[in-house]
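Undergrad: return a 3D structure for these sequence lines:
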Amino acid sequence: FLFPKMEDFFGKIPSSIYLREFEVKIDKKGEISFWVSGFSKTREHFLDLIKILKEKYQEVSFPPGILLKEAEIDFSISFKIK
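TA: Numbers count the residues shown, from 1 in each chain. Now for the predicted structure:
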C-alpha cells in the first residue's frame, strides 16, 4: 500500500526540484510521514512544490527562513499522507 503513495508523491515533484534524500516512517497508528531534502534553483519553484504538497498532504512543514533566499535553495520538508 505504500508504493502507490510514494509514486504519487514523486510524480508531483516539479522537474526544477532535485531531491537528495528522503525518509518514510509508518507509526503505530499507521500514519505515514515523509521527510525530504533537496535543492531548488529558485524560490518560485520551491513555492510551487509547497503548494502542491499542501493541496495533497497534511502537516507540511519546513524552516521558514528558507523563503528569505531567492535562488540556490537547499531545503528540507516534512509532511504526512492524508
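
Undergrad: what about the residue of the chain positioned farthest from its centre, which SS state?
TA: The C-alpha centroid of the chain is most remote from Lys28, which lies 22.4 Å away (CA atoms, centre = their mean). Here Lys28 is recorded as coil under DSSP: H, G, I helix; E, B strand; the rest coil.

Undergrad: kindly list the longest helix within the chain.
TA: helix 43-56 (DSSP state H).

Undergrad: any buried residues in it, and which?
TA: Buried residues in helix 43-56, defined by neighbour count with 16 or more other CB atoms under 10 Å: 43, 45-46, 48-50, 52-53. For the C-beta atoms, the positions are set from N, CA and C on the backbone; glycine is no exception.

Undergrad: now those as a markdown table including pLDDT?
TA: As requested, the buried residues of helix 43-56 are exported to a markdown table (pLDDT from 0 to 100):
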| residue | pLDDT |
| --- | --- |
| Arg43 | 95 |
| His45 | 94 |
| Phe46 | 95 |
| Asp48 | 93 |
| Leu49 | 93 |
| Ile50 | 95 |
| Ile52 | 90 |
| Leu53 | 92 |
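
Undergrad: export those to CSV and tack on distance to Leu19?
TA: Formatted as CSV, the buried residues of helix 43-56 follow (distance: CB to CB, whole Å):
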residue, distance to Leu19
Arg43, 17
His45, 13
Phe46, 12
Asp48, 14
Leu49, 10
Ile50, 14
Ile52, 14
Leu53, 13
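
Undergrad: of the residues you listed, closest to Ile13?
TA: Using CB to CB, Leu49 comes nearest to Ile13 of the buried residues of helix 43-56, at 6.7 Å.

Undergrad: what's that closest one in contact with, if anything?
TA: 13-14, 17, 40, 77 (CB atoms under 8 Å, 6 or more residues apart in numbering).
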